[in-house]
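fold the following.
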Amino acid sequence: MNSTNQQGQLHPKRYRLDTAANLYPAIRGRKRPGVFRVSAALTQPVQPELLQRALTTTLKRIPSFSVKLRSGLFWHYFVHSNDLLLIQEDDSNHCLGISSKENDGFLIRVRYHGCRIAVEVFHSVSDGAGAMVFLKTLIAQYLNLLGHSIPPTEDILDCGETPDSSESKDCFQVFADSSAIRSRRKSRAFHIKGTLIPPYSLNTIIGTIPTKAIRSEARKYRVSITEYMVAAYLFTLERIQFSEAHRHPLPINIQVPVNLRQFYKTKTLRNFSAFVTPGIDPAQGNYTFLEILELVHHFLLYEVTEKHLRTQVAANVRSIKNPLIRITPLLIKNRLIHLGFKYLGPSSFTSTVSNLGMINVPAEMAEHVETFDLTLGATQDTNISCGMLGYAGEVRIFFSRVIEESHVEQEFFSFLVEQGLPVTIECNKE
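So this is what the prediction gives:
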């Protein structure tokens with residue numbers, strides 16, 4: 001393969017996978033699809049022919065999403081494709097694995113049903129922030145084709161412009177700089193058990209809360225909405241573990257993605273996130289909700305800083321740059337990455353909470369978009385995941401799971417109701 005330029009491109013048709021993206025091809029499978037979903041409900045039913053035209057235009061503007069995965073001797077890499085990516089009708093099973101055979105090799109799906117437009121993304125392509133830019137741009141282009149003029153913004157790209165090479169840049173290596181490396185080993189964490197549902201299916205439950213109500217509740221304790229929700233989730237999981245009468249309760253840890261763009265200004269639409277893992281150790285005794293809330297608040301204040309996150313990124317970057325790793329054949333490398341993931345990955349955390357924050361769009365778009373959604377693809381490693389975002393005066397909380405039992409969501413939303421928060425529930429199955 002040809003030499004790289006500063007944007008990490010091999011040549012105009014090939015891209016190196018970014019530092020985070022190298023993980024997913026090695027670990028993906030039926031139990032671990034590595035797919036997440038962002039979607040929006042419009043005020044009018046979607047016209048498929050216009051959505052197809054909008055998608056084709058959007059992919060030309062954002063070429064880093066129009067890629068297919070290839071395997072070299074030492075590394076996976078992306079090949080840009082001008083093939084036509086066809087939209088698909090949506091169904092109730094979201095975030096299934098994206099097979100190269102069933103999707104013509106593309107690593108994203110664009111789906112529609114009724115008034116909804118959804119983009120499902122294999123995590124090697126982008127993170128939640130990048131995918132949301134793609135979705136907003138797609139919707140803007142679709143509305144423009146309907147005759148509505150949607151102005152471009154920082155998060156809505158102008159499809160009449162030439163793609164910016166900085167949007168496909170791997171920023172991890174620059175961000176890592178020469179930071180020291182922190183140990184990544186953590187003890188085994190508590191996992192939710194349950195009856196696995198049939199393969200290639202996913203159960204989801206969505207809870208909606210007025211933004212004013214949850215913001216007021218969080219401010220009462222002088223914490224952020226994310227801190228409040230993570231603490232509520234930890235408190236819920238603590239209740240569940242104690243109800244199962246474990247003789248030796250395990251730590252309960254929540255993996256929380258952090259958007260690194262807040263620390264390093266960049267236009268990249270590829271992966272640029274790190275993780276922090278607040279948690280509690282019930283072996284030390286029962287925690288009250290206020291104790292958990294205080295722990296989460298101070299943990300995130302301490303961990304979500306540029307210096308601490310640099311050290312985490314530095315460990316990942318240096319492992320990729322290791323000369324021995326670089327010359328190891330891909331087949332062996334995949335096995336090593338898979339083993340490392342089992343050693344350092346989901347065994348050390350109980351679940352994930354990803355908050356995309358408040359979703360903002362121009363008034364010209366807002367009048368045509370009722371809701372935005374985020375769904376994380378749950379895996380059989382932890383069985384349940386949680387995503388959340390805010391839009392149009394509401395915070396929407398999305399639980400996805402690969403087990404039949406819904407006791408975690410029931411316990412979580414019941415706790416929020418106990419705190420006086422009005423919660424509206426919807427789900428994808430009877």
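
wouldn't I337 be in contact with Y24 here?
No - between I337 and Y24 there is no contact under CB atoms under 8 Å: 9.6 Å. C-betas here are computed from N, CA, C, even on glycine.

tell me the buried residues in the one helix or strand Y233 maps to?
Using DSSP states H and E, the element containing Y233 is helix 225-243. For helix 225-243, the buried set under the neighbour-count rule, 16 or more other CB atoms under 10 Å, comprises 225-241.

quick check: mean pLDDT across stretch 339-359?
Throughout stretch 339-359, pLDDT has a mean value of 88.

how far does it stretch from one end to the other?
37 Å (CA to CA, to the nearest Å).

now do it: distance to the chain's middle.
Averaging C-alpha coordinates over stretch 339-359 and over its chain gives two centres that are 10 Å apart (CA atoms, centre = their mean, to the nearest Å).

list the buried ones in stretch 127-147?
Quick answer for stretch 127-147 (16+ other CB under 10 Å): 127-144.

could you pull out the helices for this protein?
Shown for the chain, the helices assigned by DSSP state H span residues 23-27, 48-61, 128-145, 172-176, 211-220, 225-243, 289-303, 306-321, 323-327, 330-344, 363-366, 407-418.

same list (the ones you listed) but as a markdown table, adding distance to A274.
A markdown table is the format used below for the helices of the chain (distance: least, CB to CB, whole Å):
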| stretch | distance to A274 |
| --- | --- |
| helix 23-27 | 13 |
| helix 48-61 | 27 |
| helix 128-145 | 12 |
| helix 172-176 | 9 |
| helix 211-220 | 23 |
| helix 225-243 | 15 |
| helix 289-303 | 10 |
| helix 306-321 | 5 |
| helix 323-327 | 20 |
| helix 330-344 | 14 |
| helix 363-366 | 30 |
| helix 407-418 | 25 |
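
okay, now the unreliable bits of the stretch 101-250 of the chain?
In the predicted model of the stretch 101-250 of the chain, residues 178-185 satisfy pLDDT under 70.

go again using 90 as the cut-off
Residue ranges of the stretch 101-250 of the chain with pLDDT under 90: 101-104, 154, 173-188, 199-201, 244-248.

quick one: residues contacting P63.
P63 is in contact with 80, 163, 168, counting by CB atoms under 8 Å, 6 or more residues apart in numbering.

neighbours around the last one, how many?
So that's S168. S168: 23 surrounding residues under other CB atoms under 10 Å.

how close does it get to R401?
34 Å (CB to CB, to the nearest Å).

likewise V317?
33 Å.

with neighbour numbers in mind, choose between the two.
Comparing V317 with R401 by other CB under 10 Å, the one with more neighbours is R401, at 24 against 21.

so that one bridges to which residues?
Beta bridges link R401 to N203, I384 when assigned by DSSP bridges.

if I pick it, what's in contact with it?
194, 202-204, 378, 383-385, 408-409.

how about the helices of the chain, which one is nearest F190?
The closest of the helices of the chain to F190 is helix 225-243. By CB to CB, the value is 5.3 Å.

check which helices and strands the closest one sits against.
helix 211-220, strand 252-259, strand 279-280, helix 289-303, strand 351-358, strand 384-391, helix 407-418 (3 or more CB pairs under 8 Å, 6 or more residues apart in numbering; DSSP states H and E).

buried stuff in the fourth one?
Think helix 289-303. 289, 292-297, 299-300, 303.

which other helices and strands does that helix contact?
Helix 289-303 packs on helix 225-243, strand 273-276, going by 3+ CB pairs under 8 Å, 6+ apart.

where in the stretch 251-400 of the chain is pLDDT low?
For the stretch 251-400 of the chain, the ranges with pLDDT under 90 are 312, 314-347, 378-381.

same thing but 80
Scanning the stretch 251-400 of the chain for pLDDT under 80 picks out 318-327, 333-334, 336-345.

is it true that S187 touches T277?
No - contact criterion CB under 8 Å: S187 and T277 do not qualify, at 11.2 Å.

between those two, which one's more packed in?
T277 (17 against 11).

contact partners for that one?
Here T277 is in contact with 186, 253-256, 348-349 (CB under 8 Å, 6+ apart).

what distance do you get for the spatially most central residue of the chain to R261?
Centroid-nearest residue in the chain, with CA atoms, centre = their mean: G128, separated by 4.6 Å. Separation of G128 from R261 (CB to CB): 11 Å.

do E89 as well
Counting by CB to CB, the gap from E89 to R261 is 33 Å.

repeat for G393
Distance from G393 to R261, by CB to CB: 25 Å.

of those two, who's got more company?
R261 (17 against 8).

skipping adjacent residues, who's closest to H113 in space?
With sequence-adjacent residues excluded and distances taken as CB to CB, 6 or more residues apart in numbering, H113 is closest to D90, at 3.7 Å.

if I pick the one you found, what's in contact with it?
By CB under 8 Å, 6+ apart, the contact list for D90 reads 111-113, 116, 118.

between those, which sits nearest Q44?
When the contacts of D90 are compared for distance to Q44 (CB to CB), R116 wins out at 11.3 Å.

pretty sure that closest one sits against Q44.
No - using CB under 8 Å, R116 is not in contact with Q44, being 11.3 Å away.

more neighbours, those two?
The neighbour comparison of R116 against Q44 (other CB under 10 Å) goes to R116, with 17 against 10.

the more buried one and G130: what is the separation?
From R116 to G130 the distance is 20 Å (CB to CB).

with Q262 instead?
For Q262, the distance to G130 - CB to CB - is 14 Å.

also D91?
In this view, D91 and G130 are 25 Å apart by CB to CB.

repeat for L250
34 Å.

repeat for I214
From I214 to G130 the distance is 26 Å (CB to CB).

next: R215.
26 Å.

what do you get for S351?
23 Å.

can you check T153 too?
On the measure of CB to CB, T153 and G130 end up 15 Å apart.

please apply the same query to E244.
Counting by CB to CB - E244 and G130 are separated by 38 Å.

what does L143 give?
21 Å.

for F415, same thing?
Taking CB to CB, one finds F415 at 33 Å from G130.
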